[in-house]
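**Q** just a sequence and a predicted model for now, questions to come.
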Amino acid sequence: MKNKFDYLEYNLEELNKKVASIKSKDKGRRSVLVSKIDLILSYLLLKTGIHKRLIFSNLKITWFKEFERFWLEILEGRPIDIIDFHNLRFSYRSKFQKIEHTNEMNEKESIKVWQKPENLYLLLGGIWQYTKNDYLNVLHYQKYLPKKGKILEYGCGIAPITTGLLRYFPEKKYVYTIADINQINYVYAKYLFRGNHQVKTLDLTPFKNIPPQNEKYQAITCMTVFEHIPNPLEVAEGFYNSLTNGGVLIFDYILSEGEGLDSKNSVKERKKVLEFIEKNFEIVYGEVDKSHSMGLTIVRKGDYK
């Protein structure tokens with residue numbers, strides 16, 4: 001890797017090998033009491049605005065220490081502090097905005113654009129985004145999840161859903177699968193959950209991104225993902241086949257123009273995807289909107305045709 005402060009060039013295969021080579025003990029589930037105290041305090045701090053003040057004043061830095069270990073141990077970057085983190089975030093954002101697909105329908109070209117060094121912004125930006133809400137986004141939909149079973153976080157990125165559920169709801173005896181293409185955010189997620197026997201990984205590649213049909217899940221999440229997939233209809237059909245009867249699909253679908261890392265084909269197939277979901281699922285939260293960007297939407301598989 002070329003060790004430049006504001007432009008790291010990394011080899012994802014090497015990073016994956018590094019993460020896999022780290023020996024880490026499974027810490028097991030958190031205490032339910034500790035998790036509930038954490039949940040209440042985190043919620044109160046967030047609602048009162050105190051959480052925001054703590055992280056903006058650098059008084060709450062657990063999130064940064066976690067990233068710093070990855071930066072030094074896996075990326076082999078130079079020592080940084082929180083100010084450096086934000087400088088890097090802004091620097092990489094300007095680089096990231098220039099990335100575009102050349103031929104998204106070609107598997108090699110489609111994955112190549114996601115593996116450019118400029119995509120480090122996705123990691124920096126994702127960490128900061130979920131730090132600001134302390135992973136409490138899981139409160140929006142955890143009540144729709146089963147009490148136990150298998151959950152697939154599809155297109156997981158840094159896996160905020162799995163992180164939030166493990167942190168705040170350890171009493172839920174879930175088996176998690178985090179799935180994504182080989183890109184920097186997914187490497188970071190693997191690093192976070194190394195040694196955690198409750199979390200499995202599922203490596204995807206463009207056009208070979210259908211959940212295995214021999215594996216059944218009680219819930220699948222697909223947040224800020226559909227607009228990036230070059231074959232969204234095929235993936236939606238795969239979700240249906242991979243869910244148990246009564247299983248839930250939690251998703252959103254941004255109405256994109258197909259620019260940058262968004263897929264032009266996701267725009268083309270968007271109507272068909274939503275029609276398929278309307279026909280084969282029961283809507284339990286939100287609504288299917290073909291003409292506007294969709295926020296959090298939850299549908300349940302069953303005999304609703």
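**A** Received it, and whenever you're ready, just let me know what you need. Numbers count the residues shown, from 1 in each chain.
**Q** can I get stretch 101-112 in CSV? Just the C-alpha atoms.
**A** Below are the C-alpha coordinates for stretch 101-112, written out as CSV (Å, rounded to 0.1, in the frame of the first residue of the first chain):
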residue,chain,number,x,y,z
HIS,A,101,-19.5,4.0,-13.4
THR,A,102,-18.0,3.4,-16.9
ASN,A,103,-20.0,0.2,-17.6
GLU,A,104,-22.0,-0.9,-14.6
MET,A,105,-23.4,-3.9,-16.5
ASN,A,106,-20.0,-5.4,-16.8
GLU,A,107,-19.2,-7.4,-13.6
LYS,A,108,-15.5,-6.4,-13.5
GLU,A,109,-16.1,-2.8,-14.2
SER,A,110,-19.0,-2.7,-11.8
ILE,A,111,-16.9,-4.0,-8.9
LYS,A,112,-13.8,-2.0,-9.9
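**Q** in that stretch, what counts as buried?
**A** By 16 or more other Cβ atoms under 10 Å, the buried positions in stretch 101-112 come out as 101, 104, 110-111. (C-beta placed from N, C-alpha, C; glycine too.)
**Q** what's the answer for stretch 294-305, then?
**A** Under the neighbour-count rule (16+ other Cβ under 10 Å), stretch 294-305 has 294, 297-301 buried.
**Q** dump these into a markdown table; add distance to residue 284 and secondary structure as well.
**A** Below are the buried residues of stretch 294-305 laid out as a markdown table (distance: Cβ to Cβ, whole Å; DSSP: H, G, I helix; E, B strand; the rest coil):
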| residue | distance to residue 284 | secondary structure |
| --- | --- | --- |
| 294 | 14 | strand |
| 297 | 9 | strand |
| 298 | 5 | strand |
| 299 | 6 | strand |
| 300 | 5 | strand |
| 301 | 11 | strand |
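**Q** tell me the one of those nearest residue 60?
**A** For these, the residue nearest residue 60 by Cβ to Cβ is residue 298; the value is 31.0 Å.
**Q** what about residue 67, how many neighbours?
**A** 22 (other Cβ atoms under 10 Å).
**Q** from residue 40, how far out is it?
**A** As judged by Cβ to Cβ, to the nearest Å, residue 67 and residue 40 stand 26 Å apart.
**Q** repeat that for residue 113.
**A** 43 Å.
**Q** where does this protein dip in pLDDT?
**A** 1-4, 303-305 (pLDDT under 70).
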